[in-house]
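Attaching a predicted model along with its sequence, questions to come.
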Amino acid sequence: MSITNNAELEGMQKISNAVAVTLKAMREYAKPGISTKELDEFGGKMLEDMGAKSAPFLTYNFPGFTCISVNKSFAHGIPSTNIILQEGDLVNIDVSAELDGYWSDNGGSFVVGEDLHQHQPLVDLSKRILYNALDQIKGGVRIAEIGKLIETQAKKANCKVIQNLTGHGVGKSLHEDPLEIPNYYDRFNTKRFRKNSVVAIETFIATHSTQAVELEDGWTFVGNKGGYVVQHEHTIMITDGKPVILTAANGI
């Protein structure tokens, strides 16, 4: 969507705050010994208390309020009573929701408890790259240039990017134009970011894989060449200068 007045900005900020504080609280609630189902229900209750409705459930009838992925799975993971968090697990939580006709999206990977398996450097790299990308986004900048920045910085750290999952426009629905904001350089993509538009920018930084592969459950994604993948995502409003990070309250 394109924000044209204060009411729209306030609506986007309200839903963005809701998903952001929910993501932050879920990250803090995640402890060894709890199931991803319990963690999801905790987040779902927070959204409900704020009047927000789960976007994956509304849009796709997803079997959970939020997407929670653990270790080798990194996106669209189904919350389950059978998945019990362990010390050192790499977890990704993606929280998106609707409130009063406005939609917002954010997500982030983190390590549960002590970093027993040395995942933290990859998590930190993804956060750094996300903010480096956000610093360069403004009206008129080519979407392909941001993809190039993300891909180049990942390669410098001997990492890769997932090419078939992308950022996207958001606002009046969960996915809007531009439908794809890739993490790699696509020289054929001539689209540019538009001032006052709202987009979700997300990194997918990988140790080995370049493609997301869907498992038999029809939802969960893992990498095509194994290894680990981390993701961080903010919903932003584009300006002539630095973007307004609408989901800043998630603490990423």
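Everything's here; your move.

three-state assignment of residue 241?
Three-state assignment for residue 241 (DSSP: H, G, I helix; E, B strand; the rest coil): coil.

which residues touch the closest residue to residue 110 other than its chain neighbours?
Nearest residue to residue 110, sequence neighbours excluded (CB to CB, 6 or more residues apart in numbering): residue 27, at 5.5 Å. The C-beta positions use only the backbone N, C-alpha and C, and glycine is treated the same way. The contact partners of residue 27, taken as CB atoms under 8 Å, 6 or more residues apart in numbering, are 93, 108, 110, 251.

Turn those into CSV, columns for pLDDT and secondary structure.
Output for these, formatted as CSV (pLDDT from 0 to 100; DSSP: H, G, I helix; E, B strand; the rest coil):
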residue, pLDDT, secondary structure
93, 98, strand
108, 98, strand
110, 98, strand
251, 97, coil
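
Filter those down to the buried ones.
93, 108, 110 (16 or more other CB atoms under 10 Å).

about what we covered before: with distance to residue 228 added, can I get the contacts of residue 27 in a markdown table?
Compiled in a markdown table, those are given as follows (distance: CB to CB, whole Å):
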| residue | distance to residue 228 |
| --- | --- |
| 93 | 16 |
| 108 | 15 |
| 110 | 13 |
| 251 | 22 |
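
ok, the residues you listed vs residue 150, which is closest?
Closest approach to residue 150 among the contacts of residue 27 (CB to CB): residue 108, at 15.8 Å.

partners of that closest one in the sheet?
Beta-bridge partners for residue 108, by DSSP bridges, are residue 93, residue 232.

How about the contacts made by it?
Shown in contact with residue 108 (CB under 8 Å, 6+ apart): 23, 27, 92-93, 127, 231-233, 250, 252.

Quick check: which ranges of the stretch 51-200 of the chain have low pLDDT?
The stretch 51-200 of the chain contains no residues with pLDDT under 70.

Against residue 115, how distant is residue 105?
27 Å (CB to CB, to the nearest Å).

who has more neighbours, those two?
residue 105 (29 against 14; other CB atoms under 10 Å).

Over to that one. Which of the three states is it?
Quick answer, by three-state DSSP: residue 105 is strand.

and the residue lying closest to it once chain neighbours are set aside, how many neighbours?
The shortest distance from residue 105 to any non-neighbouring residue, by CB to CB, 6+ apart, is to residue 96 (3.9 Å). The number of residues packed near residue 96 is 30, by other CB under 10 Å.

does residue 96 belong to a helix or a strand, and which?
Assigned by DSSP states H and E, residue 96 falls within strand 90-99.

Check the offset of that strand from the chain's centre.
The chain centre lies 7 Å from the centre of strand 90-99; the measure is CA atoms, centre = their mean, to the nearest Å.

distance of residue 51 from residue 210?
Distance, residue 51 to residue 210, by CB to CB: 40 Å.

quick one: which of those two has more around it?
Remark: of residue 51 and residue 210, residue 210 carries more neighbours, 17 against 13, as counted by other CB under 10 Å.

just the helices in the stretch 1-150 of the chain please.
If DSSP state H, counting those that start in this stretch is used as the criterion, the helices of the stretch 1-150 of the chain fall at 6-29, 36-49, 55-60, 120-136, 143-156.

Can you say which of those is nearest to residue 173?
Closest to residue 173 of the helices of the stretch 1-150 of the chain, according to CB to CB: helix 55-60, at 7.6 Å.

what sits up against the closest one?
62, 64-67, 96-98, 103, 105, 173-175.
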